[in-house]
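Peer 1: Got a sequence here, can you model it:
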Amino acid sequence: MNWKKITGLAITGVLSMPYLMQAEMKSAPERFAPFIENRQLPGIVVIAADADNILAVDAAGFADIEHKISMKTDSLFWVASETKTLIAGALMLLRDEDKVQIDDPVEKFLPEFKNMPVAVKKEDGSYEKKPAARAITIKDLLTHVSGISGSQAMAYKPLREIVAGYAEIPLESEPGAVFKYSNPGINTVGAIIEVISGEPLGEFMQCRIFDPLGMKNTTFWPTPAQLQHLAKTYQLPNEKTGNQFKVISYYHFEGDISDRSRPPFPGGGLFSTGEDIIYYYQMLLNGGEFNGRRILSAAAVKEMTARQDPTGISDRGLALVIGNSGEFRHSGAYGTETIGWPAKNLITGIKVQIQGGWPEKAAVRAEYFKWVDDVVKNQHR
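Peer 2: As a prediction, this is how the structure comes out:
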């Protein structure tokens, strides 16, 4: 592969907002060219918005290196654990309808979780089971302190059946006592949504979240047409891959990702674009409203974006990470992230698809926030 040749294509980029040309600022292709040329970054989409408008969105690099397909501002990404935040919003819709409270015990909706035992380690290293001190609550699930464990992957079974399997495994800790990031916990929230709503989770999310927010390219099952815009996921060049990127699979998925017989994955199954996720965060930043339409109550949003962890050792809201200045965010396994900054009336988003804790992440993020700063400055000229 002629890397210099395809790098030349990569740094042409996509500049979507004409106003960016009116003032001196580096576009994404300019800012991220060094990372792309040095094979430290395959491609990237960056985005900035306020509560009402997309301020700028830009792209650089490649969605598909082998076929020389440039990254576009509407490229589709597996947003992985960013899914969790949208699942929390769906649960809070039902809370607004008085169909559930976050302090409700899980067993109220999923009886198999009644009288869950806890695995306690003995001095000889073996384990014994003892009754949990209290029932698991939905709040425990949303703040990752439920103690539920199980497989991170999703099999080709109904969501309700998968979640029932978690109830067959003793809890790793007392409910509310220990923070441990848990896909099974959020999957359980998805099953609760199905039980309460009487609808498959995918249909509920489509009708109650995606459609009202205009999230046209957000789905658990990308269509063949949407897959034409999919950004491939890469492992960065290393000793094993030599000087090349290596395409990797979406490790939580089996078979065709367009196959709707595959269950939705509440803990991390959504595919989306940079702009679509921004719409959800605009709704949160506006206290539950979007384009004049109320999606969530202001009380629900306040509850989601406040620290809720009863252990007092983590920074979790309801499926959100809450910063010291009140910012709320979530990231995905392969480098996607969205942050709402209420004090700044700002939303920032970055979308890449790289496996693992890539070493250039801090440098790329620093350059990304410089781009955001330039966008904000342009708004005040």
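
Peer 1: Mind naming the longest strand for the protein?
Peer 2: Criterion DSSP state E: the longest strand present in the chain is strand 54-64.

Peer 1: partner strands of that strand, parallel or antiparallel?
Peer 2: strand 14-15 (antiparallel), strand 43-49 (antiparallel), strand 69-70 (antiparallel) (DSSP bridges).

Peer 1: same for the longest helix along the chain, what does it pack against?
Peer 2: Secondary structure of the chain per DSSP state H: the longest helix is helix 361-379. Contact analysis of helix 361-379 by 3 or more C-beta pairs under 8 Å, 6 or more residues apart in numbering; DSSP states H and E lists helix 28-37, strand 43-49, strand 54-64, strand 346-351 as its packing neighbours. Just so you know, the C-beta spots here come from the backbone N, C-alpha and C atoms, and that holds for glycine as well.

Peer 1: That one: which residues count as buried?
Peer 2: 361, 364, 367-368, 371-372, 374-376, 378 (16 or more other C-beta atoms under 10 Å).

Peer 1: Need the residues that contact stretch 161-168.
Peer 2: By C-beta atoms under 8 Å, 6 or more residues apart in numbering, the list of residues contacting stretch 161-168 from outside reads 110, 112-113, 116, 148-151, 154-155, 184, 187-188, 190-191, 263.

Peer 1: Could you rerun that using 6 Å?
Peer 2: Applying C-beta atoms under 6 Å, 6 or more residues apart in numbering, the set of residues contacting stretch 161-168 from outside is 112-113, 148, 150, 184, 187-188, 191.

Peer 1: got it, and stretch 110-130?
Peer 2: With C-beta under 6 Å, 6+ apart as the test, stretch 110-130 has contacts from 106-107, 132, 164, 167, 170-171, 174.

Peer 1: Spell out, range by range, the strands that occur in the stretch 101-250 of the chain.
Peer 2: Along the stretch 101-250 of the chain, counting by DSSP state E, counting those that start in this stretch, strands occupy 117-121, 127-131, 234-235, 246-247.

Peer 1: could you point out which element follows the last one?
Peer 2: Past strand 246-247, further along toward the C-terminus, the next helix or strand under DSSP states H and E is strand 270-272.

Peer 1: tell me the mean pLDDT for that next one?
Peer 2: For strand 270-272, mean pLDDT rounds to 96.

Peer 1: Now do the buried residues in it.
Peer 2: Applying a neighbour-count criterion of 16+ other C-beta under 10 Å, one finds 270-272 buried in strand 270-272.

Peer 1: circling back: quick one: which of the strands of the stretch 101-250 of the chain has the weakest pLDDT on average?
Peer 2: Among those, strand 246-247 scores lowest, with a mean of 68.

Peer 1: Nearest residue to T305 in space, please, no chain neighbours.
Peer 2: F328 (4.6 Å; C-beta to C-beta, 6 or more residues apart in numbering).

Peer 1: list the contacts for that neighbour?
Peer 2: 305, 320, 322, 340.

Peer 1: Kindly recompute the last result at 10 Å.
Peer 2: Shown in contact with F328 (C-beta atoms under 10 Å, 6 or more residues apart in numbering): 85, 281, 284-285, 301, 304-307, 315, 317-318, 320-322, 338-342.

Peer 1: gap between the residue nearest to the spatial centre of the chain and Q226?
Peer 2: Nearest to the geometric centre of the chain sits E82, at 0.8 Å (C-alpha atoms, centre = their mean). The gap separating E82 from Q226 is 17 Å, by C-beta to C-beta, to the nearest Å.

Peer 1: Also Y280?
Peer 2: From Y280 to Q226 the distance is 18 Å (C-beta to C-beta).

Peer 1: So those two - more neighbours on which side?
Peer 2: Neighbour count, other C-beta atoms under 10 Å: between Y280 and Q226, Y280 has more, with 24 against 17.

Peer 1: What backbone torsions are found at that one?
Peer 2: For Y280, the backbone dihedrals are phi -60, psi -40 (criterion: degrees, to the nearest 10).

Peer 1: what's the spacing between it and L159?
Peer 2: Counting by C-beta to C-beta - Y280 and L159 are separated by 21 Å.

Peer 1: next one: L86
Peer 2: 15 Å.

Peer 1: Could you list the low-confidence segments of the chain?
Peer 2: Residues of the chain meeting the criterion pLDDT under 70: 1-24, 152-154, 239-255, 309-313, 381.

Peer 1: quick one, helices of it?
Peer 2: Taking DSSP H as the criterion, the chain carries its helices at 3-10, 28-37, 83-96, 138-142, 159-166, 183-197, 201-205, 224-227, 274-285, 298-304, 361-379.

Peer 1: Around Y181, how many other residues sit close by?
Peer 2: Residues near Y181, counting by other C-beta under 10 Å: 12.

Peer 1: unless I'm mixing things up, it is touching H144, no?
Peer 2: Yes - here Y181 reaches H144: they are 5.2 Å apart, a contact under C-beta atoms under 10 Å.

Peer 1: list residues touching both of the two?
Peer 2: 84, 314, 316.

Peer 1: can you redo these as JSON lines with distance to E128?
Peer 2: JSON lines is the format used below for those (distance: C-beta to C-beta, whole Å):
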{"residue": "K84", "distance to E128": "32"}
{"residue": "S314", "distance to E128": "28"}
{"residue": "R316", "distance to E128": "30"}
